[in-house]
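Participant: dropping the sequence and predicted coords here.
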Amino acid sequence: MIRNDGARQYFEKLKIVEKFCSGDIETAKRILKGEFTDIIVIKGRFKDGLEENFGLFLVFISRITRAVVASRSVISHTASVFHHKPFDNWKNFFSKLEREISEADVDTEKMEVLDNVLERLNELKFFTSVFEWVENNDIMNLTDRFQKVVNNVLQIEDSHVVLDFENITSLVLYEEKGIKPV
């Protein structure tokens, strides 16, 4: 006997998305319908001026809770890390970042610091402006702020950062990478 589990699957997805939406069922329904993207993905690559440190990072930010849902980075002394461009879609960029973490000669101490900073991005003064910059496609201000973050983490003055961003849904984030709401 074949069962139609469509309704059950819908309500399971709704329950997951509702958690990302802090319990707002109407917004969760809009996300499931594809009417609203609730996650901003900021993708970046960087190198320092002396070309001794190269890195990639991803930050997933909720438009609803105004919090960082997840972040990931890699920092290495290997230039191959810098060859990955943030203009790829987020899933490809994520896969490349993960591959570099497992294959490159990584600087775990600096990576840990950058990961911690990215996870607590909402505590930085410029964080509320991120939403406006994304809305207005102001990549210059967004890049400038992340360049300052990278400079502080690497303790340098002259990093070069290239950024891009995408809008996705929390359901895609959960289904593709198993990332759950905070």
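Facilitator: That came in fine, so what should we check first?

Participant: for the most centrally placed residue in the chain, grab phi and psi.
Facilitator: Centroid-nearest residue in the chain: Val59, 2.1 Å away (criterion: C-alpha atoms, centre = their mean). Per-residue torsions, Val59: phi -130, psi 130 (degrees, to the nearest 10).

Participant: now the strands for the chain?
Facilitator: Counting by DSSP state E, one finds strands in the chain at the ranges 39-47, 54-62, 68-76, 160-168.

Participant: buried residues of the third one, list them for me.
Facilitator: Spelled out, that is strand 68-76. Buried residues in strand 68-76, counted by 16 or more other C-beta atoms under 10 Å: 68-76. The way it works is simple: take the backbone N, C-alpha and C, and place the C-beta from them, glycine included.

Participant: please convert those residues to JSON lines, extending it with pLDDT and distance to Asn122.
Facilitator: Below are the buried residues of strand 68-76 laid out as JSON lines (pLDDT from 0 to 100; distance: C-beta to C-beta, whole Å):
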{"residue": "Val68", "pLDDT": "96", "distance to Asn122": "6"}
{"residue": "Val69", "pLDDT": "96", "distance to Asn122": "11"}
{"residue": "Ala70", "pLDDT": "96", "distance to Asn122": "13"}
{"residue": "Ser71", "pLDDT": "96", "distance to Asn122": "11"}
{"residue": "Arg72", "pLDDT": "96", "distance to Asn122": "17"}
{"residue": "Ser73", "pLDDT": "97", "distance to Asn122": "17"}
{"residue": "Val74", "pLDDT": "97", "distance to Asn122": "22"}
{"residue": "Ile75", "pLDDT": "97", "distance to Asn122": "22"}
{"residue": "Ser76", "pLDDT": "96", "distance to Asn122": "27"}
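
Participant: pull the most distant pair out of those.
Facilitator: Largest separation among the buried residues of strand 68-76 by C-beta to C-beta: Val69 and Ser76, giving 24.9 Å.

Participant: quick check, the residue nearest to the centre of the chain in contact with Trp90.
Facilitator: No: counting by C-beta atoms under 8 Å, Val59 does not reach Trp90; the two are 10.5 Å apart.

Participant: need the residues touching each of those two.
Facilitator: Listed contacts common to Val59 and Trp90 are Val41; contacts here mean C-beta atoms under 8 Å, 6 or more residues apart in numbering.

Participant: and the lowest-mean-pLDDT helix or strand in the chain, how far out from the chain's middle?
Facilitator: Lowest by mean pLDDT, DSSP states H and E among the helices and strands of the chain is helix 6-20, with a mean of 90. Helix 6-20 sits 23 Å away from the centroid of its parent chain (C-alpha atoms, centre = their mean, to the nearest Å).
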